[in-house]
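Participant: sequence first, then the predicted structure:
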Amino acid sequence: MRGRYRWSGGNRVELLVEGERFFPRMLQVINEAQTTLLLEFYMVSSGEVADQFIAALINAARRGVSVCWLIDDFGGRHFKQQDSEKLQRDGVQVLRYNPISLFNKLDSNLARDHRKLMIVDQRIGFIGGTGISDEYLRTTPVHGALAWHEVMLQVEGAVVADMVQLFSRQWLKSGGVMPAISPPDMLRQGDALARVTEVEGLKIQQIKRSFVHHMNQASERVWLETAYFIPAFSVRRSLRQAALRGVDVRLVVAGPDTDHPWVYHASKRYYRRLLQAGVRIFEYQTTFLHAKLGLCDQWVSIGSCNLDHWNLRWNLEANLEVVEPTLTATVEQLLLSDMQRSREVCYEQWSQRPWYQKLKEVCWSMLCQLLLKIR
């Protein structure tokens, strides 16, 4: 599958599960940064996690590191103005992607930067689904607030240069000036083949095309995990066709504990044909499942994209695809663990759900279809 970025070898990739693991690692490398820090995040909210990042970024800027932080304007609506001003006073460049305005056309306001990236000294990258927000640090619900199950990848090697390019393109479009960058010598870091894939609204759909390609080519398994299951037709068709030809197809989706209950109900309209084709569906129960990853045979994709209609129509997204046996085995064990924390949906029981549940699904599904017709 062709795209803007190509496969590169010699990379080292590590899966970090839950904020209690990936936040300390991210803060550690910020504290060790020597030249540049590039951050691009959708969800940024003032709180404990943001305070830790603010302090680390300010300390980096004071010791001469060039720090650039691109925050989506809607996703950063809970990031206090005084926190942003504090960063800028101490030398951190902060830009907002696509500021929301009453004077914009509606579809312009809907376009969001949903990526989650951090690149340190052009050598170490982080990519996945987290925001800089306290939700991702919780492991259990607190006072009714959801805990979010999330993953990030830490990557070193040649593919990090493509992550820098991805950030740079959007930073410049948002009015920023890139710091002077002298790419380091990329010595072999590991044995992983990796490449960056992206979505840029309807203009670039590489993540979806790549998923469909690998699902169509899979001979053993197609395991997907996603927070919001409103998939494109081509994705649904590939899932059904894979199951019908005997591939082990499993979906792990968010259960009733979600930040968007209407999506949980609307997604049910897709269950019938998938279940009839032999797709196994698991609804995660322990916390809010926010991770986005795919495993097709030995191929892994992890990042920000949920493969839902909304992401693919309006958002900027970024995933990392990897082929490396150790990561494949780690992702396999994570998915099996998540399935054990889920309730499997059986067709017989699902088809006998009460009428009021079906009514909810129809109503929310119709709303989803209306939203997609916005121009």
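Facilitator: Right, received. Where do you want to start?

Participant: can you list contacts of the helix ranked longest in the chain?
Facilitator: Across the chain, the helix with the greatest residue count (assigned by DSSP state H) is helix 355-372. Residues from elsewhere that reach helix 355-372, judged by C-beta atoms under 8 Å, 6 or more residues apart in numbering: 230, 262-263, 265-266, 268-269, 309-310, 313. All C-beta spots, glycine's among them, are computed from the backbone N, C-alpha and C.

Participant: which of those sits closest to Arg343?
Facilitator: Lys268 (13.5 Å; C-beta to C-beta).

Participant: chain neighbours aside, what residue packs nearest to the closest one?
Facilitator: What sits nearest to Lys268 in space, not counting adjacent residues and going by C-beta to C-beta, 6 or more residues apart in numbering, is Glu361, at 4.4 Å.

Participant: and for Ile281?
Facilitator: Counting by C-beta to C-beta, 6+ apart, Ile281 lies nearest to Val345, which is 4.4 Å off, once chain neighbours are set aside.

Participant: is the one you found in contact with Phe282, as I believe?
Facilitator: Yes. Look at Val345 against Phe282 with C-beta atoms under 8 Å: they come within range, at 7.3 Å.

Participant: the stretch 151-300 of the chain: strands as residue ranges?
Facilitator: Using DSSP state E, counting those that start in this stretch, the strands of the stretch 151-300 of the chain run over 151-156, 192-200, 204-205, 221-226, 248-254, 280-284, 288-289, 293-296, 299-303.

Participant: how about low-confidence regions in the stretch 51-200 of the chain?
Facilitator: Low-confidence segments of the stretch 51-200 of the chain (pLDDT under 70): 106, 143-144.

Participant: sketch out the helices for it, chain order is fine.
Facilitator: With DSSP state H, counting those that start in this stretch, the ranges of helices along the stretch 51-200 of the chain come out as 81-89, 106-110, 159-173.

Participant: give me whichever of these is most buried.
Facilitator: Across these, averaging neighbours per residue (mean count of other C-beta atoms under 10 Å) puts helix 159-173 on top, at a mean of 20.

Participant: neighbouring contacts of that helix?
Facilitator: Contacts for helix 159-173 (C-beta under 8 Å, 6+ apart): 5, 8, 11, 38, 40, 68, 70, 95, 97, 113, 115, 117, 119, 122-125, 127, 155, 178, 181, 183, 186, 194-196, 198, 316, 318, 320.

Participant: contact partners for the residue nearest in space to the middle of the chain?
Facilitator: Nearest residue to the geometric centre of the chain (C-alpha atoms, centre = their mean): Ser304, 1.5 Å. Contacts for Ser304 (C-beta under 8 Å, 6+ apart) come out as 42, 114-116, 127-129, 292, 317-319.

Participant: quick check: which of the strands of the stretch 151-300 of the chain is nearest to Asn109?
Facilitator: The minimum distance between Asn109 and these falls on strand 192-200, with 16.9 Å, by C-beta to C-beta.

Participant: what's the closest one packed up against?
Facilitator: For strand 192-200, the packing partners by 3 or more C-beta pairs under 8 Å, 6 or more residues apart in numbering; DSSP states H and E come out as strand 8-17, helix 159-173, helix 206-217, strand 315-323.
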